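Undergrad: Next one to model:
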Amino acid sequence: MTTVSQVVETLTRIVGEEAEQLAHEVGFIQRQRALSGADFVQSLIFGWLQEPEITLDGLTQVLQRREVSISASGLTQRFTPEAASLLQRVLERLSAEQMEVEPVESALLKQFSAVILEDSSSIVLLPELVEVWRGCGGSTEAAAAAIKLFVRWDVLRGQLQGFGLTDARCNDHRGPLAVEDLPTGCLYVADLGFFGVERLRTLAHGSGESSRSLRFFVSRMQVKTALLTRGGHRIVLAGILPQQVGQVVEYGVVLGAAGRLPVRLLLQRVPQQVADERRERIRESAQAQGREASAEVLALAEWTMVITNVPRRRLSGEQVLVIVRLRWQIERLFRVWKESGKIDEWRTKKPWRILCEVYAKLCAMLIQQWLIQLGCWQDPHRSVVKAAQVVRREAGRLMSALYEGHADQAVGVIVRCMHSGCRLNTRKTNPNTAQFVMGTPLVWPTRTFPAPKGLT
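TA: All right, here's what the predicted structure looks like:
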């Protein structure tokens, strides 16, 4: 398991000696300067980690932690294409590291080798950066220049896999994180943007035709996906939907017209309020893409439709629905990064400074997650929001300690601080996802009904 000393050693190496080497490789440092590569990298990462909206004057003050004196105008001149390349390379090095910690204490999750959530999020840039990162063009939400950020998050151990950066026009199916790289025995949960019958088949069986699953998945189902009985007959979805709120029915079906992927199909009728909220999101998404929302998709918003290849002996129908709820955790992680870390906000209109800021803030979010893993990941009721507040509060101390050579003490303080006041508040009326993972029954009364004859 990764220790405090190992985290400090890794961090010191990457943002210290490797940052110096990379600064020379990319041309950021061409001759001896008062501002070294490590000075620049650490001041931006820890400065924006502690205060995401810090000014240039504030960053010059942060540099004094490393005994570097520079004016705001002098620092401005350092935001160049070479500086952006340096920070991108540092981000790649940080992304390649994995912190190994004890898994969270949850019998539901620990029966898998990993429980991996995958999602993507876009960061819109100025049009001047279109040659670096190409967007989709058009509206503000799909600008000419934008980055798409792909992340896999193992919620069993807290590990981040990625960051995979691509042009924003990249389809989720063609993301940089290959399905084949998922570990054997893992459980994979992703948004509908990653849904595809062939993708799920490859995920489960690899490149072979074996009927034994190498990996498992739980996924919401695309509305227009073909469903067949095990005997090869087409299933009409409208004829098998449950009508009572909270009712769950489960069927054994074959997914896709080619009929090569046997799965469990779970259908649940949701309350009217939930259905209305879903329809609102569907309409907003369609409007943002300049199209009309599908009448069929709007009608089926009244049901949760889930498929999985996990056998019943490992996950009951109710447990499958709990796992589906886990998918929201990665969206909340993105929200923490955007609302607290401000990874998509900046105080300038200078393109290279913006790109430097994006890369540096992403580096900060990775380091933040390492510290959260060390500090409180084993607690199933941990609050990532509260733990992130601890990291931001102590970021300045950590940067100074790295320079002065006693970072073990600073990281130890951060870890101890996370032992207090970093838990979610349990709720009786609206339990949080952690409570469901630990065994609290779902809010809506659920009962799995047997499938009609011929659909087993």
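Undergrad: and F40, which of the three is it?
TA: Using DSSP: H, G, I helix; E, B strand; the rest coil, the structure places F40 in helix.
Undergrad: didn't it look like it was pressed against V26?
TA: No - the criterion here is Cβ atoms under 8 Å, and F40 misses it with V26 at 11.6 Å. Where you see a C-beta, it was placed from the backbone N, CA and C, and this is true even at glycine.
Undergrad: could you show me where the helices are in the stretch 101-250 of the chain, in order?
TA: For the stretch 101-250 of the chain, the helices defined by DSSP state H, counting those that start in this stretch cover 107-110, 197-205.
Undergrad: number of nearby residues for E280?
TA: Each residue near E280 was counted by other Cβ atoms under 10 Å, and the total is 11.
Undergrad: Assumed S5 was part of a helix.
TA: Yes - S5: assigned to a helix according to three-state DSSP.
Undergrad: any idea how far it lies from Y188?
TA: Separation of S5 from Y188 (Cβ to Cβ, to the nearest Å) stands at 33 Å.
Undergrad: More neighbours: which of the two?
TA: More crowded of S5 and Y188, by other Cβ under 10 Å: Y188, with 23 against 12.
Undergrad: Could I get the pLDDT score of the more buried one?
TA: Y188 carries a pLDDT value of 98.
Undergrad: Which residue is the nearest non-sequential neighbour of it?
TA: What sits nearest to Y188 in space, not counting adjacent residues and going by Cβ to Cβ, 6 or more residues apart in numbering, is F217, at 4.6 Å.
Undergrad: Give me the neighbour count for the one you found.
TA: With other Cβ under 10 Å as criterion, F217 counts 25.
Undergrad: residues contacting it?
TA: Shown in contact with F217 (Cβ atoms under 8 Å, 6 or more residues apart in numbering): L187, Y188, V189, A190, L200, L203, A204, I307, T308, N309, V310.
Undergrad: So which of those residues is surrounded by the most neighbours?
TA: L187 leads these on contacts (other Cβ under 10 Å) with 28 neighbours.
Undergrad: ok, so what distance separates that one from I14?
TA: Applying Cβ to Cβ, the value for L187 to I14 is 30 Å.
Undergrad: Let's test this: name the helix or strand in the protein with the lowest mean pLDDT.
TA: Of all helical and strand segments in the chain, the minimum by mean pLDDT, DSSP states H and E falls on strand 448-449, at a mean of 43.
Undergrad: so after the helix ranked longest in the chain, what's the next helix or strand?
TA: Ranked by number of residues, the top helix in the chain under DSSP state H is helix 351-376. Next helix or strand after helix 351-376 toward the C-terminus (DSSP states H and E): helix 384-404.
Undergrad: what's next to that next one, contact-wise?
TA: With Cβ under 8 Å, 6+ apart, helix 384-404 has contacts from 8, 11-12, 15-16, 42-43, 46, 49-51, 62, 65-67, 332-333, 336, 340-341, 364, 367-368, 371-372, 375-376, 407, 409-411, 413-414, 417-418, 421-423.
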